[in-house]
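> sequence first, then the predicted structure, then my questions.
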Amino acid sequence: MSAPGPRSGRDGAAYADRFAAETPALATARARAARLGGPAPVEPAVGAALAVLAATGGARAVVSIGSGAGVVGLWLLEGMRPDGVLTALDGDPEQLRAARVAFAEAGHPAGRTRMIFGTPGEVLPRLSPGAYDMVVCAGRPTDYARHLDSLLELVRVGGTLTCHGLLEDDRIADRTARDEQTVTWRELARSVREHESLTSAVLPIGAGLLVATRRR
Ligand SMILES: C[S@@+](CC[C@H](N)C(=O)[O-])C[C@H]1O[C@@H](n2cnc3c(N)ncnc32)[C@H](O)[C@@H]1O
């Protein structure tokens, strides 16, 4: 059975990205990320949605997993409280360096960001449980999905977990797609949806955003 009601299409998605109107600092960070290569940053519409989530939750402490060259971090900092601290984790020192430059160029004092080099497996045990308003995951789910319990442990009650990219290339909806990444996305989305402590939704913006709020 198809879902009821009219759907937005590619023009709607393009409008949502234009609506997000990135600042010059974000445009520069995006260009730097493109020069570095690797997986693309969050789309403007996703960045704007993350900023809204951060602002709605009055976020003071946010962790960005797979933080890249700082595009997602700049959006998060825009929504967070002015005294908030963003913890940015990446396994590539070049990406972390680029993010540091992007945050400085945007005028954020060094004390607003904490850059940590390492994989989720190495770094998550060092972060304080229940201390974060948001945990924002990006990149391949195969890099962090097996750490879902540890990621959720970081989120305070009422806080939010987001995972970006599950609708990329529409593979998750294609029942014949059985590659490792698509299978991992399906399992991660199912675990989040069925988790007794979470209320979740898939937002079809950009490459798709899985959003879950911890109720208890
Ligand atoms: C999609 S890119 C980041 C884009 C960024 N989230 C943004 O929107 O600006 C994914 C990032 O994950 C990092 N990464 C991939 N595997 C990782 C791992 N096992 N541990 C830590 N970081 C990893 C990569 O270095 C890359 O910077």
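That came through, no problem.
> how about the residues of this protein by the ligand?
Counting by CB under 6 Å from any ligand atom, the chain comes close to the ligand at 38-39, 41-42, 66-69, 71-72, 90-92, 95, 119-120, 138-139, 143. Just so you know, the C-beta spots here come from the backbone N, C-alpha and C atoms, and that holds for glycine as well.
> write the ChimeraX selection for whichever of those residues are buried.
Per 16 or more other CB atoms under 10 Å, the buried members of the residues of the chain next to the ligand correspond to this ChimeraX selection:
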select :41,42,66,67,68,69,71,72,90,91,95,120,138,139,143
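> how close does G159 get to L151?
Counting by CB to CB, to the nearest Å, the gap from G159 to L151 is 11 Å.
> which other helices and strands does the lengthiest strand in the chain contact?
Taking DSSP state E as the criterion, the chain has its longest strand at strand 155-164. Applying 3 or more CB pairs under 8 Å, 6 or more residues apart in numbering; DSSP states H and E, we find strand 155-164 packed against helix 44-56, strand 132-137, helix 180-194, strand 209-214.
> leaving out chain neighbours, which residue sits closest to R193?
Spatial nearest neighbour of R193, excluding adjacent residues (CB to CB, 6 or more residues apart in numbering): S200 at 5.4 Å.
> check which helix or strand that neighbour maps to.
strand 198-203 (DSSP states H and E).
> try A27
Using DSSP H and E, A27 sits within helix 24-36.
> any stretches of this structure with poor pLDDT?
Low-confidence segments of the chain (pLDDT under 70): 1-4.
> how far is the strand holding S200 from where the chain is centred?
Averaging C-alpha positions (CA atoms, centre = their mean, to the nearest Å) puts strand 198-203 14 Å from its chain's average.
> likewise for stretch 200-211?
Between the centre of stretch 200-211 and the centre of its chain there are 10 Å (CA atoms, centre = their mean).
> touching that stretch from outside, list them.
The contact list for stretch 200-211 (CB atoms under 8 Å, 6 or more residues apart in numbering) reads 8, 13, 16-17, 40, 42-46, 49-50, 53, 160-168, 172, 188-189, 192-193, 212-213.
> that one: end-to-end distance?
5 Å (CA to CA, to the nearest Å).
> buried ones in that stretch, by neighbour count?
Buried residues in stretch 200-211 (16+ other CB under 10 Å): S200, V202, L203, I205, G206, A207, G208, L209, L210, V211.
> over to stretch 151-169?
By 16+ other CB under 10 Å, the buried positions in stretch 151-169 come out as 151-155, 159-168.
> can you check stretch 122-139 too?
Buried-residue list, stretch 122-139, by 16+ other CB under 10 Å: V123, L124, L127, Y132, D133, M134, V135, V136, C137, A138, G139.
> and those residues, which two are furthest apart?
Greatest spatial distance among the buried residues of stretch 122-139 (CB to CB): D133 and G139, at 20.9 Å.
> which of the helices and strands packed on strand 155-164 sits most buried?
Among those, ranked by average contacts under mean count of other CB atoms under 10 Å, first place goes to strand 132-137 (a mean of 26).
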